[in-house]
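K.L.:
build me a structure from this.
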Amino acid sequence: VEGNITNSGTATSSGSYVYIGGNWDNSLGTYNYAAGDSITFDGITASTISGATDWNILTIDNTAGVTVSSGAQDVYGILNIVSGTFTTGSLVTLKSNSTTGTAQMDDLESGDISGNLTVERLLSMTTQGWREITSPVQNTEIIDWQNNGIDFSGFTNSTFPTFPFVNAYTYFEPNAQGDKNNGWVAANDANSDPTGPSSGHRVYMDATDFTLSVAGNPYKGSQVLNVTQTGGAGTGDEQNGWNLIGNPYPCTVDWDLLSSGDKNNIEDAIWIWNATVGNYGLYNTSGSTNNVTNEIAHSQAFWVKAISNTGSVTFNESDKVRSDKPFVKSFSDNENMIVSLTSTVNNFKDELVIKRQAGASLFYDLGLDFSKLFTELPDEAPSLSVLTNDNVHLSIASVDKSNSSTIQLMATAGLQSQGNYTLNFDIPSSFIEKGCIHLEDIHTGVITDLRVDSSYTFVSSDTTTVPRFLLHIFRDYDINSSPATCYG
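P.N.:
Have a look, this model is predicted:
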């Protein structure tokens, strides 16, 4: 359409692509979009949008600009700004609900956005628990989330300021000084504590649905988040270097799209809290645990681990992806060994990855091994890790692909959740390659051939302080034997 579109009745789409060279006026009408709808403003003179309208994909590709003059503009799919300036008039909202999902603001190509943007994020909480969140727009405080219905307690201007339980924290790495738990900083004032991506928030929430709704200028362009390791030992230090930051954009980002230069003096991995399993999951290009993937949802806070005091993570517009990423998503790995720990006590679990890698040692290897970030529910959730010979706990561990290895497995129950636990081993055929893998329970003396039985059930012990299990991976086998004959 070269000119203007004025709707004064009821218009119902059927998955159309519409290009508008002029203005859009829905002041006296109703427009019902359909899945797959895409409306593009591609004129050569300035366009205006008036009248409340719901959009699926709204694209701005007009170098002269597009301005919202009146009416709420609710985007349910993608806001795509290709060229020109989109002036919001503080009337544009990226919607989030259980039916249509969460809208995203795509890569700002040669375009720009001016004015406030309201960004929603639906959080569905089936049980009370911690979530780690951030704000994708500037100049927001805890009070904005409180106004969304989240009850805060234990600090000034919170819902219940005199309660002894503080349910909101940030993390300040320099305070750790050899003990990660020292880094937590309790919220101080709901009216002034900022909630931006440079410092993610850990918030305890009720078992209900919350729609976070924050308004402000969205973070855009390159965003540099500085991270530190203060007073630590550099690589292999599992107590220092942890930094809780956030996805800065109102859009999913893909960790794999960040260049190596964008990940400065950090381990190339992210850790994200999975409230369902009660543990942190880890993603690295070589493997992942607890359903964490390369995609980081908007409004999601996550952890990185610095290896010096001058670390940083740089996000660019090109790191965005058009993916409605939930806070936790399923993921499969068909190359590495996945070990999981479950119980009959509760539904919490934990996972780790063991991968075969040339040159890997039984000590911590930077770039091959990735540290374990332990649960924030130590009384309830189990923990599973590999312990290296230099006493570093790992969630992703590498073993030498050419030689036999024996690695230590720490599999511990929640402190108040002792009972029957099961280790499950998902071992791809390519991992074994006719080799042998045995699990040894040092406590009972039982040795299990994991080629025959890929699970092992045991009764937990609350006195366990050292690795209870040894995993023997035999590589010195006769490649002509079928089945292989194991040695050692």
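K.L.:
in the helix or strand bottoming out on mean pLDDT in the chain, what counts as buried?
P.N.:
When the helices and strands of the chain are scored by mean pLDDT, DSSP states H and E, helix 429-432 comes last with a mean of 79. By neighbour count on 16 or more other CB atoms under 10 Å, the buried set for helix 429-432 is F431, I432. From N, CA and C alone the C-beta is placed, and that goes for glycine too.
K.L.:
export it as CSV, just CAs?
P.N.:
Presented in CSV, the C-alpha positions along helix 429-432 are these (Å, rounded to 0.1, in the frame of the first residue of the first chain):
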residue,chain,number,x,y,z
SER,A,429,28.2,-45.7,21.6
SER,A,430,30.8,-43.3,20.2
PHE,A,431,32.0,-42.6,23.7
ILE,A,432,32.7,-46.2,24.6
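K.L.:
C-terminal to that helix, what's the next element?
P.N.:
Counting by DSSP states H and E, the next helix or strand C-terminal to helix 429-432 is strand 436-441.
K.L.:
confirm that L423 sits in a helix.
P.N.:
No - counting by DSSP: H, G, I helix; E, B strand; the rest coil, L423 is located in no helix; its state is strand.
K.L.:
wait, it touches S343, no?
P.N.:
No - at 10.5 Å, L423 does not count as touching S343 under the criterion of CB atoms under 8 Å.
K.L.:
what residues sit buried inside the lengthiest helix in the chain?
P.N.:
Longest helix in the chain, counting residues (DSSP state H): helix 142-147. Using 16+ other CB under 10 Å as the test for burial, helix 142-147 gives I142, I143, D144, W145, Q146.
K.L.:
helices or strands up against it?
P.N.:
strand 209-216 (3 or more CB pairs under 8 Å, 6 or more residues apart in numbering; DSSP states H and E).
K.L.:
can you tell me the average pLDDT over the strand it packs on?
P.N.:
In this model, strand 209-216 has a mean pLDDT of 96.
K.L.:
and it, which strands flank it?
P.N.:
strand 117-124 (antiparallel) (DSSP bridges).
K.L.:
give me the contact list for the partner strand.
P.N.:
Here strand 117-124 makes contact (CB atoms under 8 Å, 6 or more residues apart in numbering) with 88, 90, 92-98, 102-103, 105, 131, 133, 136-137, 205, 209-218, 250, 297-299, 327.
K.L.:
what mean pLDDT does the helix or strand that comes right after that strand have?
P.N.:
Going down the chain from strand 117-124, the next helix or strand is strand 129-133, by DSSP H and E. Looking at strand 129-133 alone, the average pLDDT works out to 94.
K.L.:
and for stretch 377-390?
P.N.:
Stretch 377-390 shows an average pLDDT of 96 in the prediction.
K.L.:
and stretch 468-483, by the same measure?
P.N.:
On average, the pLDDT along stretch 468-483 is 65.
K.L.:
cool, and stretch 348-368?
P.N.:
Per-residue scores along stretch 348-368 average to 94.
K.L.:
check stretch 324-344 too.
P.N.:
Average pLDDT, stretch 324-344: 74.
K.L.:
next, the distance between the ends of that stretch.
P.N.:
From its first residue to its last, stretch 324-344 covers 33 Å (CA to CA, to the nearest Å).
K.L.:
also stretch 82-91?
P.N.:
This stretch, stretch 82-91, spans 20 Å end to end (CA to CA).
K.L.:
what distance separates it from the centre of its chain?
P.N.:
29 Å (CA atoms, centre = their mean, to the nearest Å).
K.L.:
mind listing what's buried in it?
P.N.:
Buried residues in stretch 82-91, counted by 16+ other CB under 10 Å: V82, S83, G84, T85, F86, T87, T88, G89, L91.
K.L.:
got a list of contacts for that stretch?
P.N.:
Outside stretch 82-91, the residues touching it (CB under 8 Å, 6+ apart) are 59-73, 79, 92, 109-118, 215.
K.L.:
quick one: which of those sit in strands?
P.N.:
Members of the contacts of stretch 82-91 lying in strands (criterion: DSSP state E): 59-61, 66-68, 73, 79, 92, 110-114, 117-118, 215.
K.L.:
could you list the low-confidence segments of the stretch 151-300 of the chain?
P.N.:
Applying pLDDT under 70 to the stretch 151-300 of the chain picks out residues 234.
K.L.:
and which of the buried residues of helix 142-147 is nearest T195?
P.N.:
Checking the buried residues of helix 142-147 against T195 with CB to CB, the nearest one is I142 at 6.1 Å.
K.L.:
just give the number of residues close to the closest residue to S16 other than its chain neighbours.
P.N.:
Computed as CB to CB, 6 or more residues apart in numbering, the closest residue to S16 that is not its neighbour in sequence is D37, at 6.0 Å. As a burial measure, D37 scores 21 neighbours (other CB atoms under 10 Å).
K.L.:
D37 and R202: what is the separation?
P.N.:
Distance, D37 to R202, using CB to CB, to the nearest Å: 38 Å.
K.L.:
again with K355
P.N.:
30 Å.
K.L.:
now do T85
P.N.:
Using CB to CB, one obtains 37 Å as the distance from T85 to R202.
K.L.:
what about the strands in the stretch 201-350 of the chain?
P.N.:
Secondary structure of the stretch 201-350 of the chain (DSSP state E, counting those that start in this stretch): strands at 201-205, 209-216, 223-227, 242-246, 253-254, 263-264, 270-274, 279-284, 287-288, 295-296, 301-305, 311-315, 337-343, 350-357.
K.L.:
helices and strands around the last one, which ones?
P.N.:
To tie it back to what came earlier, the one meant is strand 350-357. Secondary-structure packing of strand 350-357 (3+ CB pairs under 8 Å, 6+ apart): strand 279-284, strand 287-288, strand 337-343, strand 383-387, strand 393-400.
K.L.:
in PDB, list the C-alpha atoms belonging to the last one.
P.N.:
Included here for strand 393-400 are C-alpha records, laid out as PDB according to Å, rounded to 0.1, in the frame of the first residue of the first chain:
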ATOM      1  CA  HIS A 393      34.700 -29.600  41.400                       C
ATOM      2  CA  LEU A 394      33.500 -29.800  37.800                       C
ATOM      3  CA  SER A 395      30.200 -29.900  36.000                       C
ATOM      4  CA  ILE A 396      31.900 -30.600  32.700                       C
ATOM      5  CA  ALA A 397      35.000 -32.800  32.900                       C
ATOM      6  CA  SER A 398      37.300 -34.000  30.100                       C
ATOM      7  CA  VAL A 399      39.200 -37.300  30.100                       C
ATOM      8  CA  ASP A 400      42.000 -38.200  27.800                       C
END
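K.L.:
could you list the paired strands of that strand along with their orientation?
P.N.:
strand 350-357 (parallel), strand 370-371 (antiparallel), strand 383-387 (antiparallel).
K.L.:
isn't I432 right up against D449?
P.N.:
No - in this structure, I432 is not within contact of D449 by CB under 8 Å, at 11.3 Å.
K.L.:
list the contacts of the residue nearest to E132 when sequence neighbours are not counted.
P.N.:
Leaving aside its chain neighbours, E132 sits nearest to A301 (4.0 Å; criterion: CB to CB, 6+ apart). By CB under 8 Å, 6+ apart, A301 lies in contact with E132, I133, T134, P197, G200, H201, R202, L244, I245, G246, N247.
K.L.:
that'll do, ta.
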